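**Student:** my questions concern the predicted model and sequence given below.
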Amino acid sequence: MSTQIFVNLVTDDLERSKAFYLALGAEINPQFTDDNAAAVVWSDDVYFMVLKREFFTTFTDKQVIDPRTSAQVLLAFSRDSREAVDDTLAKGLAAGGSEPREPQELGFMYSRDLEDPDGNVLEFFWMGDQAITDGPPEHDREAA
């Protein structure tokens, strides 16, 4: 069995979040969706549970941050090409997301950040096959 990833995200508007993630190409699993949460399916191995803020607080004793002002995680998703990265961003922006940073062009890698309407950050990136196999070019490692 492969490892599956389930990420819990906070939302202030569950219907808006569902519409946003559907626009990006994810699906909603109705078996695990109710008035408090939505199961967002990216693939057979990657899922989000988008939880209303009040419901989210029942899963932790820690303070739940406001993703509009604080970062807890940055979620990165690979894409097959630079064009696919741009296409995903266009869909997300049209669905109410925002782009908090300029695109990052490193030659071997291209990435763009997308904030969902609640401020959760999703990074979409493309990396060239040689970089995937060999790592970033030597001069890029020295700059880091």
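**Tutor:** On my side now, so go ahead.

**Student:** does residue 103 really touch residue 114, like I thought?
**Tutor:** No: Residue 103 is beyond contact range of residue 114, at 10.9 Å (criterion: CB atoms under 8 Å). C-beta: built from backbone N, CA, C; applies to glycine.

**Student:** relative to residue 61, how far out is the closest residue to residue 82 other than its chain neighbours?
**Tutor:** In space, and not counting its chain neighbours, residue 82 is closest to residue 110: 4.7 Å by CB to CB, 6 or more residues apart in numbering. Counting by CB to CB, to the nearest Å, the gap from residue 110 to residue 61 is 40 Å.

**Student:** next one: phi and psi at residue 37?
**Tutor:** phi -150, psi 160 (degrees, to the nearest 10).

**Student:** and the strands in this structure?
**Tutor:** Assigned by DSSP state E, the strands in the chain fall at 5-11, 27-29, 37-41, 46-52, 74-78, 104-105, 109-115, 121-127.

**Student:** ok, the nearest residue to residue 5 once chain neighbours are set aside - how many residues close by?
**Tutor:** Using CB to CB, 6+ apart and skipping residues adjacent in sequence, the residue nearest residue 5 is residue 46, 5.0 Å away. Using other CB atoms under 10 Å, residue 46 is surrounded by 15 other residues.

**Student:** for residue 46, which residues are in contact?
**Tutor:** 4, 5, 7 (CB atoms under 8 Å, 6 or more residues apart in numbering).

**Student:** run a quick neighbour tally on the first one.
**Tutor:** Taking other CB under 10 Å as the neighbour definition, residue 4 ends up with a count of 10.

**Student:** so residue 10 makes contact with residue 56?
**Tutor:** Yes: under the criterion of CB under 8 Å, residue 10 makes contact with residue 56 at 4.6 Å.

**Student:** distance of residue 106 from residue 85?
**Tutor:** Taken as CB to CB, the span from residue 106 to residue 85 is 13 Å.

**Student:** and the two? Which one has more around it.
**Tutor:** Each of residue 106 and residue 85 has its neighbours counted (other CB under 10 Å); residue 85 has more, 22 against 15.
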